[in-house]
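Visitor: just to be clear, the model below is a prediction. Sequence and coordinates:
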Amino acid sequence: MSTATAPRAIAVSERLLRREAVDNSMTDLRLEGLAPSAHARLLLERFVQGELTGEELLNAVLAQ
């Protein structure tokens with residue numbers, strides 16, 4: 001049995017807002033000389049695509 005979740009149906013406008021927020025965060029990190037791990041980037045992409053809610057993203061990041 002797979003534990004992967006199907007993407008939630010989110011509006012294109014929500015996906016665009018999420019993409020913009022993630023891109024801005026990545027820019028801020030680079031300006032500070034930091035970079036997210038590959039796992040963190042994967043989680044962020046799953047958030048953008050609607051596979052994770054904001055709460056699920058936060059919990060997954062804090063669990064690392």
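Guide: Thanks, I have the structure now. Predicted model, so just to flag it, every value in this text is computed and none were measured.

Visitor: which residue sits closest to the most centrally placed residue in the chain in space, ignoring its chain neighbours?
Guide: Taking CA atoms, centre = their mean, the centroid of the chain lies closest to residue 44, which sits 1.8 Å from it. Counting by CB to CB, 6 or more residues apart in numbering, residue 44 lies nearest to residue 22, which is 5.0 Å off, once chain neighbours are set aside. All C-beta spots, glycine's among them, are computed from the backbone N, C-alpha and C.

Visitor: so what secondary structure elements neighbour the helix or strand hosting the one you found?
Guide: For residue 22, the host element (DSSP states H and E) is helix 12-31. Here helix 12-31 touches helix 38-49, going by 3 or more CB pairs under 8 Å, 6 or more residues apart in numbering; DSSP states H and E.

Visitor: quick one: the helix it packs on to helix 12-31, angle?
Guide: 150 degrees (axes from the mean of the first three to the mean of the last three CA atoms, to 10 degrees).

Visitor: give the buried residues for stretch 40-54.
Guide: Across stretch 40-54, burial judged by 16 or more other CB atoms under 10 Å covers 40, 43-44, 46-48, 50-52.

Visitor: okay, now the unreliable bits of this structure?
Guide: Scanning the chain for pLDDT under 70 picks out 1-7.

Visitor: hmm, 90 instead?
Guide: By pLDDT under 90, the low-scoring segments of the chain are 1-9, 64.
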